[in-house]
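Participant: The sequence and its predicted three-dimensional model are supplied below.
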Amino acid sequence: MRVGALLRSVLGVCLFLPHLEGVHPGSPECPCIQPGSPLIAQAAEQFSIMGAPGYGTGGECRQYDKDLAFSGCAGATEVDCPGGDKCYCFEEWCYVDPSTCQMDKAKCLETGGTVGLDGNVYCRERDFEESSIIADRTGNTTAKAYFSYQTCGSLNTYDTKRVSEPVAGRHLKIKITSSYYWSFKGDVDPRSPQWNGWTGVLNKAMEDGFLRFSPAVSIVLDESWASETSRDKFSSSWTACVLDVAVGNADMCIGDFWITPQRMNLANFLTPFGNDNFYFVAPFAVSDETLGATLQKPFLPFTDGLWGVTFCFLIFSAFVMMVTDGHNMDDYENQNMVSKLFKSLYYSFAGYVGGGSANSPASVPGRLATVGFGFFVLITLASYTANLATILVTRGSATGLTSAQDAVDKGVTICIPGVVEAQLRSLFPSAVFELSTSTSGLPRLLWQGKCGAIIMGESGITNMHTGIYNEGDCGKVDDGTYSSDEEASCQRDGAGNPTSDRDCGLVKAGGLIMTVPLSVPVRNELVQSLSWAMRKTLSDGKVDTYKATFAQTLPPSACSGDGQSLQDALENPLESLRLPVTAMLGTTLISIGVMFLALLLSMAEIYTGKTIQQILGCSKEADIAFADDGQGAVKGTRRALIPSARAPSRRNLAVPGEDGGGVMGKQDRQRLAEMHRMLARLCGEEVKVEDFDVVEPKRGTKVMPLSTAGSNGISNGESNGESNGESNGESNGGASHA
């Protein structure tokens, strides 16, 4: 037995050696028939008669149909491939021995192989088909030949007989029901009378697929939906219809069926044509605001953490202001350290709430610190304003559940469609579920108080918001299924008609929970054929076209406003609008970086005893003025700046001195003395500089601001000079000033 297995393996290797040299002899378990084999002798003669000698009998995989006229490939190009009608002209294939292409489990095990694995020609199989070209063209039915595309790694797109035979010309018994835009009853279309007025995305897609077969497929409609015997076995009428297909009561049920493990155990499904997304749905409520909630709103744009960061930044800014510009006597009249600290805190917080700097820094470090402070204020206040505008216009608050997991954690019962219980149970093992036999019954169960939330498909949510489900519940009252509107949770208007907005208070909360594919159940022997037709229809884009067309026929939603979504309605509905700490992290770091640079420059001033302008050699005498303390620049100290060195100030020129009086700056005294000399010259008097030394003001004496001192001094000088001159002139012999 081991020898036999060895020979088989050697044979497989030998068959693949030509392939290594660019020749493909087919797969080991289904090799191409070699030229001269008696298995293909009769067929080879017929091909010669047909004018195609060696057609498929070259012993290797080739494009035998390429440029061949009798197979319809003359002039064909690969431009439209894959997917074109002539793509078979460029597919490789060959004729094979059917006895070697089939799996032989007994021989596979006997020769030591494993069923399904490579390495043993008996353990795997390849599809093959009997050729009909000889019989069709010559009438010879004795010359048999079997071909395989699969052994060459290709697909047969030329002969679709294997696909079409099960359904071509057949009458299909189809069960149908109304569902969204997939299928619904309308007026009879004379172009498609067999549908008896039924139309929709699936009807059009199926009709398009049926026409792909020759002869075309005919249909027989069963509008009763699931049979009573099947309904007795399953509470869901949709699952009951799947059972009808499985037992042969129907060939197909048309509708947007969820493909579930339970249903797949009953019957096969076509290629899925879509998906249904499941979401958590909860009641949405709006409550009146309390006074506390209203007062809290101005602080809601930022989280508590961000407010904390802002507060700390403002304190840090005050410290930087004090260090970099505390010697500026224009802003800090009192040079006491505690006084400067509180004044800096005032400038910092007043600047923040005022939207800009509240002080007037005189030093370069102080000005740079102000830039950093201003950048922080600019960004934070802009963000605050944008968020506050949103929050202030939000009335009330959303209450209820925020997600399916939130409902599970709180022990809230959730209504779900029974057919997807297994999938949802795997996602939420501890959940308390209330099962519904249909999606349309989910809102009714909630309004009846049997659950506090729902999990349902997106198409169901759309239908619910159009009022269809309330209309159906009211219809159950009218037909006697329920005894009253209260029992059915039916809501009617004043005229007794069902309202369309009963379910507007039920909205999505949280994200996507799961996705379930959509398809239709079909008989086993029809799956391959109808799936091929559906796949062709999908690839042609016709299903998407039908969706767009029939979406326009759907009734509009009756819900709007807050009833549309609970995405932002958390337990604190405004929490998602509040900015977290990370939102301002970059702004804060940039501002701190600028202020640290300001601190470094300030340290440089203290270390050198000079201003930054003086360090850089770009200062002028008028740029900076110091209080006259009798000292020059001293390394490690910094002299107080006086405001008169800059633009005229609003503040007085007098500053506190050690003796309780005032200390006037040197430049101010020089200017005032110059004014007196000018007045004296106008009077024709000879004066000396020392004659006009300015007397320091005593305690409690106010010094006139420089901006007005000049004008007042001139006017006073003119007035005093004129009166004194007259009196002096009179007393000195009547002489007077001319």
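Facilitator: Cool, got the structure.
Participant: Next, the residue nearest the centre of the chain: secondary structure please.
Facilitator: Nearest residue to the geometric centre of the chain (C-alpha atoms, centre = their mean): G511, 11.2 Å. Put simply, G511 is strand when judged by DSSP: H, G, I helix; E, B strand; the rest coil.
Participant: Same question for I219.
Facilitator: Once three-state DSSP is applied, I219 turns out strand.
Participant: thought it was touching F210?
Facilitator: Yes: shown here, I219 and F210 form a contact pair, counting by C-beta atoms under 8 Å, at 7.4 Å. C-beta here means a position set from N, CA and C on the backbone, and glycine is covered the same way.
Participant: quick one on the thing from earlier: quick check: the residue nearest to the centre of the chain vs G593, distance?
Facilitator: 39 Å (C-beta to C-beta, to the nearest Å).
Participant: same deal with V419?
Facilitator: From V419 to G593 the distance is 61 Å (C-beta to C-beta).
Participant: More neighbours: these two, which one.
Facilitator: The neighbour count for V419 versus G593, taken as other C-beta atoms under 10 Å, is higher for V419 (24 against 11).
Participant: That one and Q262 touch, don't they?
Facilitator: Yes: counting by C-beta under 8 Å, V419 does reach Q262; the two are 7.0 Å apart.
Participant: can you list residues touching both of the two?
Facilitator: T239 (C-beta atoms under 8 Å, 6 or more residues apart in numbering).
Participant: Could you pull up the contacting residues of the residue nearest to the centre of the chain?
Facilitator: 279, 403.
Participant: And it, how far from F596?
Facilitator: G511 is 43 Å from F596, by C-beta to C-beta.
Participant: now stretch 401-420: how far from the chain's centre is it?
Facilitator: Put simply, stretch 401-420 sits 25 Å off its chain's centre (C-alpha atoms, centre = their mean, to the nearest Å).
Participant: distance between the ends of it?
Facilitator: Stretch 401-420 stretches 22 Å from its first residue to its last (C-alpha to C-alpha, to the nearest Å).
Participant: Mind listing what's buried along that stretch?
Facilitator: 401-404, 406-408, 412-420 (16 or more other C-beta atoms under 10 Å).
Participant: ok, residues contacting the helix or strand containing L600?
Facilitator: Element membership for L600, per DSSP states H and E: helix 585-608. Residues outside helix 585-608 that contact it (C-beta under 8 Å, 6+ apart) are 309, 313, 316-317, 320, 323-324, 363-366, 368-369, 371-373, 375-376, 379-380, 611-612, 615, 633, 635-638.
Participant: Which residue, neighbours along the chain excluded, lies closest to P215?
Facilitator: Using C-beta to C-beta, 6 or more residues apart in numbering and skipping the chain neighbours, the partner closest in space to P215 is G169 (3.9 Å).
Participant: In a strand, the one you found, correct?
Facilitator: No: looking at G169 with three-state DSSP, it is coil, so not inside a strand.
Participant: quick one, longest helix in the protein?
Facilitator: helix 364-392 (DSSP state H).
Participant: shouldn't I174 be in contact with S218?
Facilitator: No: using C-beta under 8 Å as the test, I174 is too far from S218 to be in contact (10.4 Å).
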